[in-house]
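Asker: here is a sequence together with a model predicted from it:
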Amino acid sequence: MIDKISMTSTRIPYMNAQSQSSLATGLANQPTQASLRTQLLEQADKVFTPDRVQTSFPGRMVDALNSVADAQNQAARITRDYELGREQDLSKVMVNQQVSSLGFQLTLNIRNKVMTAYKDIMNMPV
């Protein structure tokens, strides 16, 4: 009969050698820190290239207003489809209405802030 102590004492050196060899091969397969850094820099250069078109502030505002208008139109369309029985998913209708409502509220709040800033600037003494 083999006792547990003799089994573990014979298996521990084997397990240590096996784990060290797998650790060594695993570390050898991993890229070095310098190569990881160069890969990350290459990916960042692809994303942040100067070739990308920089949109102006008015252009971004027009895009934002168009996306809010699209969300409102989509919410109205899906609500109409639900009322006519073409759409069966009530949660989808409610989510689209909430997205539309939040977009409108955000646009309205931004408009109010811009108007307040404009009034403050106009009331400044020259």
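Answerer: Yep, that arrived. Just so you know, these numbers come straight off a predicted model, no measurement behind them.

Asker: state the mean pLDDT of the helix or strand Leu41 falls within.
Answerer: Using DSSP states H and E, the element containing Leu41 is helix 33-47. Mean per-residue pLDDT for helix 33-47: 81.

Asker: how much space separates Ser101 from Thr79?
Answerer: Counting by C-beta to C-beta, to the nearest Å, the gap from Ser101 to Thr79 is 12 Å. From N, CA and C alone the C-beta is placed, and that goes for glycine too.

Asker: mind checking which of these two has more residues around it?
Answerer: With neighbours defined as other C-beta atoms under 10 Å, Ser101 and Thr79 compare such that Thr79 has more, 16 against 13.

Asker: what about the nearest residue to that one once chain neighbours are set aside, helix or strand, and which?
Answerer: Nearest residue to Thr79, sequence neighbours excluded (C-beta to C-beta, 6 or more residues apart in numbering): Val93, at 5.8 Å. Element membership of Val93, judged by DSSP H and E, is helix 90-122.

Asker: list the buried ones in that helix?
Answerer: Going by neighbour count (16 or more other C-beta atoms under 10 Å), the buried part of helix 90-122 is 93, 96-97, 100, 103, 107.

Asker: what's the most distant pair in the residues you listed?
Answerer: Across those, the longest distance by C-beta to C-beta is 21.4 Å; it joins Val93 and Thr107.

Asker: so the residue nearest the centre of the chain versus Leu40, what's the distance?
Answerer: Centroid-nearest residue in the chain, with C-alpha atoms, centre = their mean: Val47, separated by 14.9 Å. Taking C-beta to C-beta as the measure, Val47 falls 11 Å from Leu40.

Asker: swap in Ser100?
Answerer: According to C-beta to C-beta, Ser100 stands 39 Å off from Leu40.

Asker: any low-confidence regions in this protein?
Answerer: Within the chain, the segments meeting pLDDT under 70 span 1-31, 49-53.

Asker: at 50 what do you get?
Answerer: Along the chain, segments meeting pLDDT under 50 span 1, 7-8.

Asker: and the residue nearest to the centre of the chain, how far from Gln33?
Answerer: From Val47 across to Gln33, the span is 21 Å (C-beta to C-beta).

Asker: so which elements touch the helix or strand where Asp63 lies?
Answerer: According to DSSP H and E, Asp63 maps onto helix 57-84. With contacts taken as 3 or more C-beta pairs under 8 Å, 6 or more residues apart in numbering; DSSP states H and E, helix 57-84 sits against helix 90-122.
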